[in-house]
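> What follows is a predicted structure for the sequence shown.
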Amino acid sequence: MRNYIYIEPSTDSSNNVAVEVNIRTKQGENTELLSYISRIYSETYNANVSPSPDLLVYTTTRNPNEILACAGVTMGKDDKALFSERYLKGKSLHDILMTRHENIRRSEIVEIGALASDCPKYASLIIKILPLLSWSLGFRVILCTATKQLRTLLKYYKIPFEYICESTPDVLTDSERESWGSYYENSPQLVFISLDSCGHLFNRYCGKLIPVEIEKMNKPDIAHEEYAQ
């Protein structure tokens, strides 16, 4: 598991705000996080989903550790299709991305989904830092199913994305459609984010996302307050 501190600076250093950003890989330890995602989707879409991503990225307050937001991360594999590839209806994701990324490998593609939060501010925070985290993990492209609300946030935070196709429920089985509740009423689209187009984001958040080990070594003058709602 990787742990970071995300710092939102203030003109007065005593009012700096910090939350923990964690990347967890062990599925056996993720019961609380998966239950959190399921609860948010149930409350928001009346959905009954049980995500099983490879990694979970989540933010928490510090002392006590209260979950603020969470997202699932699934890595591209040669022998297994990503969930959102079904929306392509037989088209090749590799061929689509090759028009933008020469010699891209499936292992360089990451699918992000199961974005869940009790508060829009916390959801926005994790959206802002996911490109940076994905780049640090060695990926070149983020693939995601973006609702109308998520696309609005991506545009607001100047996270560039490119449209692939509509994400329509006709590719799901009857039981799958039922389990997703009202999710598909939010106009989801399959999009991708090219991380080589996100350099401006890295500049913007440089110095704000710090590994816990480095933060402890440097011991900056930070008041670790809860990220203001």
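Arrived safely, thanks for sending. Numbers count the residues shown, from 1 in each chain.

> so residue 213 sits in a strand?
No - read with DSSP: H, G, I helix; E, B strand; the rest coil, residue 213 is helix and lies in no strand.

> for the most centrally placed residue in the chain, what are its contacts?
Nearest to the geometric centre of the chain sits residue 71, at 4.5 Å (Cα atoms, centre = their mean). Contacts for residue 71 (Cβ atoms under 8 Å, 6 or more residues apart in numbering) come out as 56-58, 112-116, 126, 130. In short, each C-beta sits where N, CA and C put it, glycine included.

> so which of those would you say is closest to residue 46?
residue 116 (14.4 Å; Cβ to Cβ).

> Quick check, that closest one in contact with residue 40.
Yes - with contact defined as Cβ atoms under 8 Å, residue 116 reaches residue 40; the gap is 3.7 Å.

> And these two? Which one has more around it.
A count of neighbours by other Cβ atoms under 10 Å puts residue 116 above the other of residue 116 and residue 40, at 26 against 21.

> Dig out what that one forms beta bridges with.
residue 70 (DSSP bridges).

> For the lengthiest helix in the chain, give the mean pLDDT please.
Determined from DSSP state H, the single longest helix within the chain is helix 120-136. Here helix 120-136 scores 90 as its mean pLDDT.

> Any idea how far that helix is from the middle of the chain?
Distance of helix 120-136 from its chain centroid, counting by Cα atoms, centre = their mean, to the nearest Å, is 6 Å.

> for the helix or strand immediately after it in the chain, packing partners?
Going down the chain from helix 120-136, the next helix or strand is strand 141-146, by DSSP states H and E. Packing partners of strand 141-146 (3 or more Cβ pairs under 8 Å, 6 or more residues apart in numbering; DSSP states H and E): strand 109-117, helix 120-136, strand 189-194.

> could you dump the ones you listed to a markdown table with distance to residue 80?
Formatted as a markdown table, these follow (distance: least, Cβ to Cβ, whole Å):
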| stretch | distance to residue 80 |
| --- | --- |
| strand 109-117 | 11 |
| helix 120-136 | 19 |
| strand 189-194 | 17 |
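
> Comparing these, which stretch has the densest surroundings?
Among the helices and strands packed on strand 141-146, the stretch with the highest mean neighbour count (mean count of other Cβ atoms under 10 Å) is strand 109-117, at a mean of 24.

> Tell me which residues touch the nearest residue to residue 105 once chain neighbours are set aside, please.
The shortest distance from residue 105 to any non-neighbouring residue, by Cβ to Cβ, 6 or more residues apart in numbering, is to residue 76 (7.8 Å). If you count contacts by Cβ under 8 Å, 6+ apart, residue 76 has them with 82, 105-111, 143.

> Rebuild the contacts of residue 71 as CSV, extending it with distance to residue 202.
CSV is the format used below for the contacts of residue 71 (distance: Cβ to Cβ, whole Å):
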residue, distance to residue 202
56, 23
57, 17
58, 21
112, 17
113, 23
114, 25
115, 21
116, 25
126, 16
130, 13
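
> ok so, going back, between all of the contacts of residue 76, which two are separated the most?
Among the contacts of residue 76, the pair separated by the greatest distance (Cβ to Cβ) is 105 and 111, at 14.5 Å.
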